[in-house]
Structures are given as C-alpha cells and as structure tokens.
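> predicted model and sequence follow; I will ask about them next.
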Amino acid sequence: MVDDSKTRKIMTKPLPQILDELVDSNKITNERIDRVEQIAENALRLAELLKLAMTEGNSAIDKRLSQQAPTKES
C-alpha cells in the first residue's frame, strides 16, 4: 500500500522547478568534480617531486657513505 503523504509530497513541485533544481545540482556537482580533479593532479605532482627529492637524497647519502667507507687493505 502506497502512503498518500509521500505521494502528495512528491507531486507538490511543478516540473520546471524540479528540472531547474536538477540543473543547479548538476552544475554544483560538476564544479566540485573539477576541483577534486585539480586537487588530485596537484597531489600527484607533489608526490612525483617528493619521489625525485628522496631519490636524489638517497643518491647523495650513498655517495657520501661510499667516500667515507674505509678501504680494504690486504
């Protein structure tokens, strides 16, 4: 059995108003998706820079340690 109050609530707004609300909601959703994509792209760039910095740092440490390592004497 269908609840009459739910049916009446659904049928209270005119279709043009409902469509306008859907269009507005879609615009807001698209703006937020664009912003999330921008944040994700920035995060990826920062991760790449961090990876590069870590790799360069590791190389510098390895080089310094190899220069300080005692030589083997026979």
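On my side now, so go ahead.

> next SSE downstream of the lowest-mean-pLDDT helix or strand in the chain?
Least confident helix or strand, the chain: helix 4-10 with a mean of 65, by mean pLDDT, DSSP states H and E. Sequence-wise, the next helix or strand downstream of helix 4-10 (DSSP states H and E) is helix 15-68.

> for that next one, the distance to its chain's centre please.
5 Å (Cα atoms, centre = their mean, to the nearest Å).

> repeat for stretch 58-69
On Cα atoms, centre = their mean, the centre of stretch 58-69 falls 37 Å from the chain's centre.

> quick one: mean pLDDT for that stretch?
Averaging pLDDT along stretch 58-69 gives 90.

> what's next to that stretch, contact-wise?
Stretch 58-69 is contacted by no other residue when judged by Cβ atoms under 8 Å, 6 or more residues apart in numbering. The way it works is simple: take the backbone N, C-alpha and C, and place the C-beta from them, glycine included.

> list the buried residues of that stretch.
Within stretch 58-69, no residue counts as buried by 16 or more other Cβ atoms under 10 Å.

> got the CA coordinates for that stretch in CSV?
Extracted in CSV, the C-alpha atoms of stretch 58-69 (Å, rounded to 0.1, in the frame of the first residue of the first chain):
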residue,chain,number,x,y,z
ASN,A,58,69.4,8.7,-1.3
SER,A,59,72.0,9.0,-4.0
ALA,A,60,73.8,11.8,-2.2
ILE,A,61,73.8,9.8,1.0
ASP,A,62,75.1,6.7,-0.8
LYS,A,63,77.8,8.8,-2.5
ARG,A,64,78.9,10.3,0.8
LEU,A,65,78.9,7.0,2.6
SER,A,66,81.0,5.4,-0.2
GLN,A,67,83.6,8.2,0.1
GLN,A,68,83.8,7.6,3.8
ALA,A,69,84.0,3.9,3.7
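
> Gln17 and Glu37, how far apart?
31 Å (Cβ to Cβ, to the nearest Å).

> oh, I was asking about Pro16
32 Å.

> residues in contact with Gly57?
Applying Cβ under 8 Å, 6+ apart, no residues contact Gly57.

> I am finished for the moment; much appreciated.
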